[in-house]
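K.L.:
Take this sequence and fold it.
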Amino acid sequence: MDIDAITQSSVTSVAELIDLAESFKQDQIRDPKIKIAFRGQPQEFRQLTPSFCRQFSRNSVGTAEIIERTLIKEFRKHYAKLVERSSDMPSPVRIENGYDLRCLSVMQHYEIQTRLLDWTSSFWIAVYFATASDPSNCAELWYYDRRLFSKQVETEPSLASLLNAEENVPPEPEFLSRRNDQLLVELDPSMTPRMKNQSAHHTVSTNVFADHAPLLFKLSELARTSGDDEFAFKRIIIQNTCKGKVLQFLAEHKEITASSISVSYTHLRAHETVLDLVCRLLLEKIYTYPSA
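P.N.:
Got it, this is the predicted structure:
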């Protein structure tokens, strides 16, 4: 994958972002089947790697998978003991054995690093995440057409259950054990307030250390060879010189701020103080486990 070839443009002003947003809107009016996913990153990382894999000094897949299984097991145990759980959080049965990916999604709500990568259907929310930090660095705005995954689901229909947001769904297809398949899928259960507030879903790979960018590029190339040239996967650079003005525009005209799109700290602490502490303790295992 030539990352420069998929880099579409460099944005230097709020006006250019408004024009971009309008172009995406017009595309979806033209073809309602178009569903674009966006991801903002505050620096030019030139890759799409989940936070979990960035905790390791080297790519020891076996070690990472052991830690992941331990985190899932311990999280389930403590989550099930919660007495005061808010009504907008899923019940423990929705993340029990057979629902590992959904469990990872709930874990990520509590800021435990996982192999999941967040995306949003909102252009402006993605722009917020791209510009809200690292003011001295240029940002990245990635996007892809979600129809890239349609043929994959046609080939393997069981993957459609990963997009089911209902409460009573069949167990997930076997996934975490398929490390050699180099498979990338969408996960969209909409289980937590954070994901709902941010109009978000995840991508997740069978390889815990996978960079999602080459895998998305591969899907886009497969679509292109099938005649679906418009199924895009692109990257846009947002210059650091306009980050401040972008944040001001988002706050004043889109009502997008840290407090408007995030579940508040007070909300979490009010009813899940014990679990929040447990999550921080679980997270320490990543740093103390012999991963080097």
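K.L.:
Closest to the centroid, which residue in this protein?
P.N.:
Asp118 (1.0 Å; C-alpha atoms, centre = their mean).
K.L.:
wait, what's in contact with the closest residue to it other than its chain neighbours?
P.N.:
Computed as C-beta to C-beta, 6 or more residues apart in numbering, the closest residue to Asp118 that is not its neighbour in sequence is Ala200, at 5.4 Å. Where C-beta positions appear, they are placed from N, C-alpha and C, glycine not excepted. Under the criterion of C-beta atoms under 8 Å, 6 or more residues apart in numbering, the contact list for Ala200 reads Asp118, Trp119, Thr120, Ser121, Arg194.
K.L.:
Help me confirm that the third one comes into contact with Arg39.
P.N.:
When you say that, I think you mean Thr120. Yes. The pair formed by Thr120 and Arg39 meets the contact definition of C-beta atoms under 8 Å, at 7.2 Å.
K.L.:
quick one: common contacting residues for those two?
P.N.:
Taking C-beta under 8 Å, 6+ apart as the contact rule, the neighbours common to Thr120 and Arg39 are Ala126.
K.L.:
what ranges do the helices span in the stretch 101-250 of the chain?
P.N.:
Counting by DSSP state H, counting those that start in this stretch, residue ranges of the helices within the stretch 101-250 of the chain are 123-131, 150-155, 193-197, 212-225, 243-249.
K.L.:
From those, pick the one with the highest average neighbour count.
P.N.:
Of all the helices of the stretch 101-250 of the chain, helix 123-131 carries the top mean neighbour count, a mean of 24, counting by mean count of other C-beta atoms under 10 Å.
K.L.:
Residues contacting it, please?
P.N.:
The set of residues external to helix 123-131 that reach it, using C-beta under 8 Å, 6+ apart, is 17, 20-21, 24, 36, 38-42, 119-120, 139-141, 143, 198-199, 238, 242-243, 246-247, 250, 254, 256-257, 261.
K.L.:
Now for the nearest residue to Pro92 once chain neighbours are set aside, how many residues are close by?
P.N.:
Using C-beta to C-beta, 6+ apart and skipping residues adjacent in sequence, the residue nearest Pro92 is Ala80, 4.2 Å away. The local packing of Ala80 (other C-beta atoms under 10 Å) involves 13 other residues.
K.L.:
So Ala80 sits against Pro90, correct?
P.N.:
No. Contact status for Ala80 versus Pro90: not in contact, 11.5 Å apart, counting by C-beta under 8 Å.
K.L.:
State the pair within the contacts of Ala200 that is farthest apart.
P.N.:
Ser121 and Arg194 (14.5 Å; C-beta to C-beta).
K.L.:
State the distance from the closest residue to Leu141 other than its chain neighbours to Ala165.
P.N.:
Beyond its immediate neighbours in the sequence, the residue positioned closest to Leu141 (C-beta to C-beta, 6+ apart) is Ile236, lying 4.3 Å away. Using C-beta to C-beta, to the nearest Å, Ile236 is found at 29 Å from Ala165.
K.L.:
likewise Ser122?
P.N.:
Between Ser122 and Ala165 the distance is 17 Å, computed by C-beta to C-beta.
K.L.:
neighbour count winner among those two?
P.N.:
Comparing Ser122 with Ala165 by neighbour count (other C-beta under 10 Å), the higher total belongs to Ser122, at 19 against 12.
K.L.:
What's the separation between the residue nearest to Asp118 and Phe24?
P.N.:
As defined by C-beta to C-beta, Ala200 lies at a distance of 17 Å from Phe24.
K.L.:
ok, now Ala160?
P.N.:
Relative to Phe24, Ala160 is positioned 25 Å away (criterion: C-beta to C-beta).
K.L.:
now Thr225
P.N.:
Thr225 sits 25 Å away from Phe24, taking C-beta to C-beta as the criterion.
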